[in-house]
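Colleague: using only what follows, build the 3D model:
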Amino acid sequence: MKGKLLLSILFLFSITTLSLNAQIKPSVHFTEDDGLAGNTVKDIIKDKNGLLWIGTFNGISKFDGDKFQSINRTNGLPANGVWALAADSANTIYAGCYQSGLAIIENDSVKHVVQLKGKYPNSFRKLYYSSYYKKVIVGTDDGIFLLNDTILLPVAYKRDSTTKSIVTSIIGKHDKIFFTVLKGTTEGLYQMFVNKRQPEKSYAERISPHGRFASTIVNDTLYNSEYYTIFKYNLLNISEQPSRSKIDSLFLIWSMSAYKNDKYWLGCLGEGRFKGGIMQFDLKKNKACFFPIEQSNTSVNSILSDNTSGLTWFCRDDGLSGYFESPFEYYEYEGKGSILDIGFAGDS
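Modeller: As a prediction, this is how the structure comes out:
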């Protein structure tokens, strides 16, 4: 694989200076040339077996750290455009194919396709599995739903039924579930209240009309974005007025992911007047900085921090990028045989 030569070169480069912050960080980048299903990458998850599932505009790639396996329409997907992925506790995979259907995959085979009818049919955008409620939460252009077996149950909240209610992010911690809505007169940040005994009676309430794009949770704090502004909510008192931070107005925060106790990732939208790219927000400094890895001015659609391999994965419009926690782990990739087996330096 082309990455092995690059790994050795960058390792030698990294040890020539004591200041890693002043140089390009060790990373890998995969495209169709490496076996990835498609270059436009929308989402990524890790299953119970430690394998990565990558949703692209040309199907799903299942990655074992060494090679990619493709799943697409020829394998039963309702379409190749996979916008969202989730994995439940039984290792069942859910794939939201925008405008085509929600595929339920078991043992690499599509077992069922769930259809969403209505004004905006099959507009699957975001998926999130809640281990607390043992339910897949489904975000669409027509609001938010709970998947109950193969039935989509609408979650009630105040909204304008004449316009789209686009769910742009879903995040949770224990029994607390939050989502963001774009479009319409009721856009903003919402909290979902799931009824475990009667899921059809679940509902949501709006917390704020702001913060319509991305969200993540670090410790007991919820962060969500509105263009270049970040709102900070206390999970222990969500109704409390949030504090704000801002980044450069040339950027729109399109994706977010927790990284460490004092940092989180920001992925930016690369469209129109906005510049794409990857940033890291330092909570101690209350400041976001561009992260020094090789990157282009394309959108970052989703981010996954994998504590087992020490990698953070970035789903971009020009492929899939992985950043290594340290250059020593990066170097070990060549000897391990699988990029997913590396682990943090010092791990037992």
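Colleague: which residue sits closest to D141, ignoring its sequence neighbours?
Modeller: Closest residue to D141 in three dimensions, ignoring its sequence neighbours and counting by CB to CB, 6 or more residues apart in numbering: S123, at 3.5 Å. (Glycine included, C-beta is placed from N, CA and C.)
Colleague: hang on, isn't the one you found packed against I144?
Modeller: No - at 11.7 Å, S123 does not count as touching I144 under the criterion of CB atoms under 8 Å.
Colleague: show me the contact partners of stretch 50-60.
Modeller: Residues from elsewhere that reach stretch 50-60 (CB atoms under 8 Å, 6 or more residues apart in numbering): 32, 36-47, 61-65, 68, 70-73, 77, 80-85, 87, 93, 95-96, 304, 308, 313, 315, 320, 340.
Colleague: quick check on those residues: which are buried?
Modeller: Using 16 or more other CB atoms under 10 Å as the burial test, those include 36-46, 61-63, 65, 68, 70-72, 77, 80-85, 87, 93, 95-96, 304, 313, 315, 320, 340 as buried.
Colleague: ok, back up a step: which one's more surrounded, S123 and I144?
Modeller: Set S123 next to I144 and count neighbours by other CB atoms under 10 Å: I144 wins out with 25 against 21.
Colleague: on that earlier part again, check contacts around the residue nearest to D141.
Modeller: When contacts are counted by CB under 8 Å, 6+ apart, S123 touches Y98, Q99, L116, T140, D141, D142.
Colleague: can you report how many residues lie near K287?
Modeller: 12.
Colleague: correct me if wrong: it contacts L266.
Modeller: No - using CB under 8 Å, K287 makes no contact with L266, being 11.5 Å away.
Colleague: please enumerate the shared neighbours of the two.
Modeller: Contacts common to K287 and L266, judged by CB under 8 Å, 6+ apart, are F281.
Colleague: lowest-pLDDT helix or strand in the chain?
Modeller: helix 3-14 (a mean of 36; mean pLDDT, DSSP states H and E).
Colleague: could you point out which element follows that one?
Modeller: Next helix or strand after helix 3-14 toward the C-terminus (DSSP states H and E): strand 27-30.
Colleague: partner strands of that following strand, with direction?
Modeller: strand 319-324 (antiparallel) (DSSP bridges).
Colleague: please compute how far the strand it pairs with lies from its chain's middle.
Modeller: Offset of strand 319-324 from its chain centre (CA atoms, centre = their mean, to the nearest Å): 13 Å.
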